[in-house]
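>>> The amino acid sequence is not available; the structure is as follows:
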Ligand SMILES: O=C(O)[C@H](O)[C@@H](O)[C@H](O)[C@H](O)COP(=O)(O)O
(Lines give C-alpha, C1' and ligand atoms only; values in the text may rest on other atoms or scores of the structure.)
Protein backbone atom coordinates (compact mmCIF):
# COMPACT_ATOMS: atom_id res chain seq x y z
CA UNK A 1 0.00 0.00 0.00
CA UNK A 2 1.53 3.33 -1.00
CA UNK A 3 1.98 5.91 1.74
CA UNK A 4 -0.86 8.39 2.13
CA UNK A 5 -0.32 12.16 1.87
CA UNK A 6 -2.68 14.70 3.40
CA UNK A 7 -2.64 18.50 3.22
CA UNK A 8 -4.69 20.14 5.96
CA UNK A 9 -5.18 23.91 6.14
CA UNK A 10 -6.13 25.97 9.19
CA UNK A 11 -7.13 29.61 9.50
CA UNK A 12 -4.13 30.60 11.62
CA UNK A 13 -1.15 29.36 13.63
CA UNK A 14 -3.17 28.95 16.80
CA UNK A 15 -5.74 26.80 15.01
CA UNK A 16 -2.95 24.77 13.43
CA UNK A 17 -1.24 24.14 16.78
CA UNK A 18 -4.40 23.13 18.61
CA UNK A 19 -5.45 20.82 15.77
CA UNK A 20 -2.05 19.12 15.77
CA UNK A 21 -2.18 18.72 19.55
CA UNK A 22 -5.62 17.11 19.40
CA UNK A 23 -4.53 14.76 16.61
CA UNK A 24 -1.34 13.96 18.55
CA UNK A 25 -3.26 12.54 21.51
CA UNK A 26 -5.65 10.65 19.25
CA UNK A 27 -2.80 9.16 17.21
CA UNK A 28 -0.43 8.25 20.05
CA UNK A 29 -3.32 6.91 22.13
CA UNK A 30 -4.26 4.66 19.23
CA UNK A 31 -0.67 3.50 18.74
CA UNK A 32 -0.34 2.60 22.44
CA UNK A 33 -3.36 0.34 22.10
CA UNK A 34 -1.39 -1.76 19.63
CA UNK A 35 2.20 -1.65 20.90
CA UNK A 36 4.01 -1.29 24.24
CA UNK A 37 6.09 1.80 23.39
CA UNK A 38 5.67 4.75 21.01
CA UNK A 39 8.77 6.49 19.63
CA UNK A 40 8.18 10.17 18.88
CA UNK A 41 10.64 12.56 17.21
CA UNK A 42 10.33 16.26 17.97
CA UNK A 43 11.60 19.21 15.99
CA UNK A 44 12.62 22.80 16.71
CA UNK A 45 11.67 26.19 15.34
CA UNK A 46 8.85 28.54 16.22
CA UNK A 47 6.01 26.39 14.85
CA UNK A 48 7.51 23.32 16.50
CA UNK A 49 7.60 25.20 19.78
CA UNK A 50 4.00 26.35 19.43
CA UNK A 51 2.88 22.79 18.85
CA UNK A 52 4.81 21.47 21.85
CA UNK A 53 3.20 24.17 24.00
CA UNK A 54 -0.25 23.21 22.67
CA UNK A 55 0.43 19.55 23.46
CA UNK A 56 1.60 20.53 26.95
CA UNK A 57 -1.40 22.77 27.59
CA UNK A 58 -3.94 20.23 26.37
CA UNK A 59 -6.53 18.88 28.78
CA UNK A 60 -5.66 15.46 27.35
CA UNK A 61 -2.05 15.63 28.57
CA UNK A 62 -2.53 13.49 31.65
CA UNK A 63 -4.66 10.91 29.83
CA UNK A 64 -1.66 9.71 27.81
CA UNK A 65 0.56 7.03 29.38
CA UNK A 66 3.86 8.94 29.01
CA UNK A 67 5.66 6.06 30.71
CA UNK A 68 5.36 4.22 27.39
CA UNK A 69 6.77 7.00 25.21
CA UNK A 70 10.38 7.43 24.03
CA UNK A 71 11.28 10.92 22.82
CA UNK A 72 13.92 11.86 20.24
CA UNK A 73 14.82 14.90 18.12
CA UNK A 74 15.20 15.21 14.37
CA UNK A 75 17.89 17.82 14.84
CA UNK A 76 19.59 19.92 17.46
CA UNK A 77 21.59 23.07 17.58
CA UNK A 78 25.20 22.72 18.70
CA UNK A 79 24.86 24.77 21.89
CA UNK A 80 25.49 24.18 25.61
CA UNK A 81 23.02 22.06 27.56
CA UNK A 82 20.09 24.17 28.72
CA UNK A 83 20.74 26.94 26.21
CA UNK A 84 17.39 28.61 25.49
CA UNK A 85 18.02 28.27 21.75
CA UNK A 86 18.34 24.47 21.90
CA UNK A 87 15.45 22.42 20.50
CA UNK A 88 15.28 20.26 23.60
CA UNK A 89 14.96 23.39 25.76
CA UNK A 90 11.98 24.38 23.62
CA UNK A 91 10.41 21.00 24.41
CA UNK A 92 11.26 21.29 28.10
CA UNK A 93 9.58 24.67 28.31
CA UNK A 94 6.44 23.64 26.45
CA UNK A 95 5.90 20.09 27.61
CA UNK A 96 8.65 17.97 29.14
CA UNK A 97 9.60 19.86 32.32
CA UNK A 98 6.03 19.57 33.58
CA UNK A 99 5.78 15.88 32.77
CA UNK A 100 9.09 15.12 34.51
CA UNK A 101 8.29 17.29 37.55
CA UNK A 102 5.00 15.44 38.01
CA UNK A 103 6.66 12.05 37.65
CA UNK A 104 4.75 11.24 34.46
CA UNK A 105 7.84 10.87 32.27
CA UNK A 106 11.25 9.46 33.21
CA UNK A 107 14.24 11.55 32.03
CA UNK A 108 15.81 8.35 30.68
CA UNK A 109 13.09 8.25 28.04
CA UNK A 110 14.08 11.70 26.78
CA UNK A 111 16.92 11.12 24.31
CA UNK A 112 18.61 14.49 24.03
CA UNK A 113 21.33 15.07 21.46
CA UNK A 114 24.78 15.87 22.89
CA UNK A 115 25.57 19.45 23.83
CA UNK A 116 28.52 21.60 22.82
CA UNK A 117 29.72 21.88 26.46
CA UNK A 118 29.91 18.11 26.81
CA UNK A 119 32.93 15.82 26.26
CA UNK A 120 32.30 15.17 22.54
CA UNK A 121 33.15 17.26 19.51
CA UNK A 122 30.52 17.75 16.78
CA UNK A 123 31.45 14.70 14.71
CA UNK A 124 31.71 12.43 17.75
CA UNK A 125 28.34 13.77 18.93
CA UNK A 126 26.74 12.73 15.65
CA UNK A 127 28.21 9.25 16.04
CA UNK A 128 27.11 9.06 19.65
CA UNK A 129 23.47 9.86 18.83
CA UNK A 130 23.51 7.42 15.93
CA UNK A 131 24.72 4.75 18.35
CA UNK A 132 21.98 5.64 20.86
CA UNK A 133 19.36 5.37 18.13
CA UNK A 134 20.74 2.00 17.08
CA UNK A 135 20.68 0.68 20.67
CA UNK A 136 16.95 1.45 20.86
CA UNK A 137 16.25 -0.10 17.45
CA UNK A 138 15.13 -3.60 16.56
CA UNK A 139 18.05 -5.99 15.93
CA UNK A 140 19.88 -4.98 12.78
CA UNK A 141 17.93 -1.74 12.34
CA UNK A 142 19.72 1.65 12.48
CA UNK A 143 16.97 3.59 14.22
CA UNK A 144 13.90 2.75 16.32
CA UNK A 145 10.54 2.36 14.61
CA UNK A 146 9.59 6.02 14.78
CA UNK A 147 5.83 6.09 15.19
CA UNK A 148 5.52 9.86 14.72
CA UNK A 149 8.11 12.37 13.54
CA UNK A 150 7.53 16.12 13.54
CA UNK A 151 9.21 18.52 11.11
CA UNK A 152 9.18 22.24 10.60
CA UNK A 153 10.13 23.59 7.18
CA UNK A 154 12.30 26.59 6.41
CA UNK A 155 11.61 29.18 3.68
CA UNK A 156 14.36 27.46 1.66
CA UNK A 157 12.62 24.10 2.06
CA UNK A 158 15.01 22.73 4.68
CA UNK A 159 13.78 20.17 7.18
CA UNK A 160 15.53 19.31 10.44
CA UNK A 161 19.03 20.64 9.68
CA UNK A 162 19.15 19.34 6.11
CA UNK A 163 19.70 22.40 3.95
CA UNK A 164 19.48 22.73 0.16
CA UNK A 165 22.67 21.69 -1.67
CA UNK A 166 24.45 20.88 1.65
CA UNK A 167 26.21 17.56 2.13
CA UNK A 168 23.67 16.34 4.70
CA UNK A 169 20.75 16.19 2.24
CA UNK A 170 22.82 13.92 -0.02
CA UNK A 171 23.54 11.27 2.65
CA UNK A 172 21.86 8.01 1.71
CA UNK A 173 22.32 6.23 5.05
CA UNK A 174 19.72 6.45 7.85
CA UNK A 175 21.97 8.08 10.41
CA UNK A 176 22.98 11.35 12.09
CA UNK A 177 25.16 14.02 10.47
CA UNK A 178 27.17 16.96 11.72
CA UNK A 179 26.20 20.22 10.01
CA UNK A 180 28.58 23.18 9.66
CA UNK A 181 28.07 26.68 8.23
CA UNK A 182 24.31 26.30 8.55
CA UNK A 183 22.46 29.11 6.76
CA UNK A 184 20.16 29.20 9.78
CA UNK A 185 21.94 30.10 13.05
CA UNK A 186 23.61 28.62 14.92
CA UNK A 187 26.16 27.54 12.34
CA UNK A 188 26.80 24.09 13.82
CA UNK A 189 24.05 21.52 14.23
CA UNK A 190 23.27 17.81 14.32
CA UNK A 191 20.58 16.24 12.16
CA UNK A 192 18.93 12.99 11.23
CA UNK A 193 19.43 12.28 7.55
CA UNK A 194 16.51 12.04 5.14
CA UNK A 195 16.62 8.23 5.05
CA UNK A 196 16.42 8.23 8.87
CA UNK A 197 13.48 10.67 8.78
CA UNK A 198 11.70 8.59 6.17
CA UNK A 199 11.86 5.48 8.33
CA UNK A 200 9.11 7.07 10.42
CA UNK A 201 5.65 5.60 9.98
CA UNK A 202 4.02 9.04 10.26
CA UNK A 203 5.67 12.34 9.40
CA UNK A 204 3.84 15.52 10.34
CA UNK A 205 5.17 18.69 8.73
CA UNK A 206 3.92 21.89 10.32
CA UNK A 207 4.24 25.16 8.44
CA UNK A 208 2.94 28.65 9.07
CA UNK A 209 3.61 31.93 7.30
CA UNK A 210 3.68 33.19 3.72
CA UNK A 211 7.47 32.77 3.54
CA UNK A 212 6.98 28.97 3.50
CA UNK A 213 4.52 28.92 0.58
CA UNK A 214 7.00 28.95 -2.36
CA UNK A 215 9.17 26.08 -1.11
CA UNK A 216 6.12 24.01 -0.20
CA UNK A 217 4.54 24.67 -3.59
CA UNK A 218 7.75 23.52 -5.31
CA UNK A 219 8.00 20.44 -3.10
CA UNK A 220 4.41 19.33 -3.71
CA UNK A 221 4.91 19.89 -7.43
CA UNK A 222 7.80 17.40 -7.40
CA UNK A 223 10.92 19.51 -6.92
CA UNK A 224 14.35 17.93 -6.58
CA UNK A 225 15.18 16.84 -3.02
CA UNK A 226 18.70 18.28 -2.96
CA UNK A 227 17.32 21.65 -4.04
CA UNK A 228 14.17 21.51 -1.85
CA UNK A 229 14.74 18.97 0.96
CA UNK A 230 11.11 18.88 2.11
CA UNK A 231 10.33 17.39 -1.34
CA UNK A 232 12.04 14.18 -0.23
CA UNK A 233 10.07 13.64 2.99
CA UNK A 234 7.71 10.68 3.03
CA UNK A 235 6.48 8.69 6.01
CA UNK A 236 6.12 4.95 5.55
CA UNK A 237 2.41 5.03 6.33
CA UNK A 238 1.32 8.65 6.16
CA UNK A 239 2.67 12.16 5.60
CA UNK A 240 0.54 15.07 6.77
CA UNK A 241 1.18 18.73 6.01
CA UNK A 242 -0.45 20.96 8.63
CA UNK A 243 -0.58 24.48 7.20
CA UNK A 244 -1.97 27.84 7.97
CA UNK A 245 -3.62 29.66 5.07
CA UNK A 246 -0.52 31.74 4.30
CA UNK A 247 1.75 28.72 4.00
CA UNK A 248 -0.85 26.97 1.83
CA UNK A 249 -1.00 29.78 -0.76
CA UNK A 250 0.88 27.83 -3.46
CA UNK A 251 -0.43 24.33 -2.76
CA UNK A 252 -2.08 22.91 -5.90
CA UNK A 253 -5.84 22.97 -5.04
CA UNK A 254 -6.24 19.32 -5.98
CA UNK A 255 -3.91 18.35 -3.12
CA UNK A 256 -5.96 19.97 -0.37
CA UNK A 257 -7.82 17.66 2.02
CA UNK A 258 -11.01 16.12 0.66
CA UNK A 259 -13.30 18.95 1.66
CA UNK A 260 -10.71 21.44 0.38
CA UNK A 261 -11.70 23.91 3.07
CA UNK A 262 -10.21 24.77 6.45
CA UNK A 263 -9.82 21.45 8.12
O1 LIG B 1 16.51 23.86 14.58
C2 LIG B 1 15.58 24.30 13.91
O3 LIG B 1 15.40 25.51 13.69
C4 LIG B 1 14.54 23.38 13.35
O5 LIG B 1 14.77 22.11 13.55
C6 LIG B 1 14.27 23.74 11.92
O7 LIG B 1 14.26 22.65 11.03
C8 LIG B 1 12.92 24.43 11.92
O9 LIG B 1 11.91 23.46 12.19
C10 LIG B 1 12.63 25.11 10.60
O11 LIG B 1 13.69 26.00 10.33
C12 LIG B 1 11.30 25.88 10.65
O13 LIG B 1 11.40 26.82 11.68
P14 LIG B 1 10.17 27.86 11.92
O15 LIG B 1 9.01 27.01 12.31
O16 LIG B 1 10.67 28.74 13.03
O17 LIG B 1 9.95 28.59 10.64
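That came through fine. Fair warning: this is a prediction, and the values are worked out from it, not measured in the lab. Residues are numbered from 1 along each chain as shown.
>>> what's the nearest residue to the residue of the stretch 151-263 of the chain found nearest the ligand if we skip its chain neighbours?
Relative to the ligand, the nearest point of the stretch 151-263 of the chain is residue 152 (2.3 Å; CB to the nearest ligand atom). No exception for glycine: its C-beta is placed from N, CA and C like everyone else's. Of all residues beyond its chain neighbours, the one nearest residue 152 is residue 45 (3.7 Å), with distances taken as CB to CB, 6 or more residues apart in numbering.
>>> Got phi/psi on the residue of the stretch 151-263 of the chain closest to the ligand?
phi -100, psi 170 (degrees, to the nearest 10).
>>> my guess is it contacts residue 184, does it?
No. At 10.6 Å, residue 152 does not count as touching residue 184 under the criterion of CB atoms under 8 Å.
>>> who's more crowded, these two?
residue 152 (25 against 16; other CB atoms under 10 Å).
>>> where in the stretch 151-263 of the chain is pLDDT low?
For the stretch 151-263 of the chain, applying pLDDT under 70 flags the ranges 258-263.
>>> Can you pull the residues of it lying near the ligand?
For the stretch 151-263 of the chain, the contact set with the ligand under CB under 6 Å from any ligand atom comprises 152, 153, 154, 158, 159, 160, 184.
>>> Nearest to residue 205 among those?
residue 153 (5.8 Å; CB to CB).
>>> just the strands in the stretch 151-263 of the chain please.
176-179, 189-192, 202-207, 238-244 (DSSP state E, counting those that start in this stretch).
>>> could I get those as TSV with mean neighbour count?
Output for the strands of the stretch 151-263 of the chain, formatted as TSV (neighbours: other CB atoms under 10 Å):
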stretch	mean neighbour count
strand 176-179	24
strand 189-192	30
strand 202-207	25
strand 238-244	23
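>>> Residue 94: what's it in contact with?
Contacts of residue 94 were listed using CB atoms under 8 Å, 6 or more residues apart in numbering, and they are 49, 52, 53, 55, 56.
>>> Buried subset of those residues as a ChimeraX selection?
Selection of buried members from the contacts of residue 94 for ChimeraX, criterion 16 or more other CB atoms under 10 Å:
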select :49,52,53,55,56
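>>> quick check: longest helix of the chain.
helix 13-31 (DSSP state H).
>>> Do the helix or strand that that one is followed by and the ligand come into contact?
For helix 13-31, the succeeding helix or strand toward the C-terminus, using DSSP states H and E, is strand 38-42. No. Contact of strand 38-42 with the ligand (CB under 6 Å from any ligand atom) is absent, the minimum separation being 9.0 Å.
>>> related to what we said a few turns ago, quick one: the longest helix of the chain to strand 38-42, angle?
For helix 13-31 against strand 38-42, the angle by axes from the mean of the first three to the mean of the last three CA atoms, to 10 degrees is 160 degrees.
>>> now what about helix 13-31, what contacts it?
8, 10, 38, 40, 47, 50-51, 53-55, 57-58, 60-61, 63-64, 69, 147-148, 202, 204, 206, 208, 242-244, 262-263.
>>> quick one: which of the residues you listed sit in helices?
Per DSSP H, the contacts of helix 13-31 map to helices at 47, 50, 51, 53, 54, 55, 57.
>>> Can you say which of the residues you listed are buried?
Applying 16+ other CB under 10 Å to these flags 47, 50, 51, 53, 54, 55 as buried.
>>> So what would you say the end-to-end distance of stretch 69-86 is?
The straight-line separation of the ends of stretch 69-86 (CA to CA, to the nearest Å) is 21 Å.
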